[in-house]
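>>> Sequence and predicted model, in that order:
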Amino acid sequence: MVETLKKYIPERAAAPIFELIKSHAVYLKIVNERVSRHGDYRVLKNGQHQITVNVSLNQYRFLITLVHEIAHLVAFKKYGRGIKPHGREWKYTFQTLMLPFIRPEIFPQDVLPFLARHFKSPKASSDTDAHLSVALKKYDPPSDKNFIFEIPRGSIFQIYNGKIFKKGAKRVKRYECTEISTGKVYLFQPNAEVDRLE
C-alpha cells in the first residue's frame, strides 16, 4: 500500500498517510476526474469509511485532498455527525492532521508559504484560495486552460459544462462575467480555469 501511495503523493508522505488510513480503517478509492470536486468522504451502508480522490490531481493537491477527507472522518468520529461539514471542528482537525506534512521534504519551497497561510484558517476547498491554487497549478501537467485573472477583460471563454461567457469587470475579489446565451451575470473566482475562445 505504501508503494502504491507513492504513485499519487510525495514519497516522504506515503508512510505517515498509510498509518492514518490504517488507523481509521479507510477504504481509499482513486477515481476518474469529477469536475465538481477533488475528493469525497462517506460512510457506506456496511459502516465502512470510504474516501474517493480524483486520479488526475498532482501529487501535492492529491495529498491535501486526501488529508481534507480524512479530517471529515476524524472530526465526525470525535465531535459527532451534528457538526458543520467545514465548521471549526473540521478546520481544527484538518490543521492538526496537515501540520506534519507542511515541510520542505514534502512540499516544494515555492508552495510552502501559501500552504502555511491557507492553514491558518483552511477553506472548504483549496481552490477557493486563489494564491494556493495558482502555486499548486505549476505542478499540473501542461494544459490549454487559463485562469480568469490571466485573460483580458472582454475575452470570450467556455467553462467545463459548455456554457460560454464574456469576462467583465473585477468586483472586489471576483470577476463579473456575462453568460452569452442568457445575458445573466455570474461572479467567478480569479483562479477559475476556463478555455479562452477569443
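Nice, thanks for sending it over.
>>> how much space between the residue at minimal distance from the centre of the chain and Asn191?
Centroid check for the chain by C-alpha atoms, centre = their mean gives Ser126 as the closest residue, at 4.3 Å. For Ser126, the distance to Asn191 (C-beta to C-beta, to the nearest Å) stands at 10 Å. For every residue, glycine as well, the C-beta is placed using N, CA and C.
>>> ditto for Arg61
For Arg61, the distance to Asn191 (C-beta to C-beta) stands at 13 Å.
>>> what's the answer for Leu97, then?
24 Å.
>>> Check Arg171 too.
16 Å.
>>> still on that earlier bit, so what sits against both of Ser126 and Asn191?
By C-beta atoms under 8 Å, 6 or more residues apart in numbering, Ser126 and Asn191 have these common neighbours: Ser133.
>>> which parts of the longest helix anywhere in the chain are buried?
In the chain, with assignment by DSSP state H, the single longest helix is helix 59-79. Across helix 59-79, burial judged by 16 or more other C-beta atoms under 10 Å covers 59-76.
>>> next SSE after that helix?
Remark: after helix 59-79, the chain's next helix or strand is helix 88-98, criterion DSSP states H and E.
>>> Could you look up the next helix or strand downstream of that following helix?
Following helix 88-98 in sequence order, the next helix or strand is helix 112-118 (DSSP H and E).
>>> Let me see the domain layout of the protein.
As assigned by automatic domain parsing, the chain contains the domains 2-137, 146-196.
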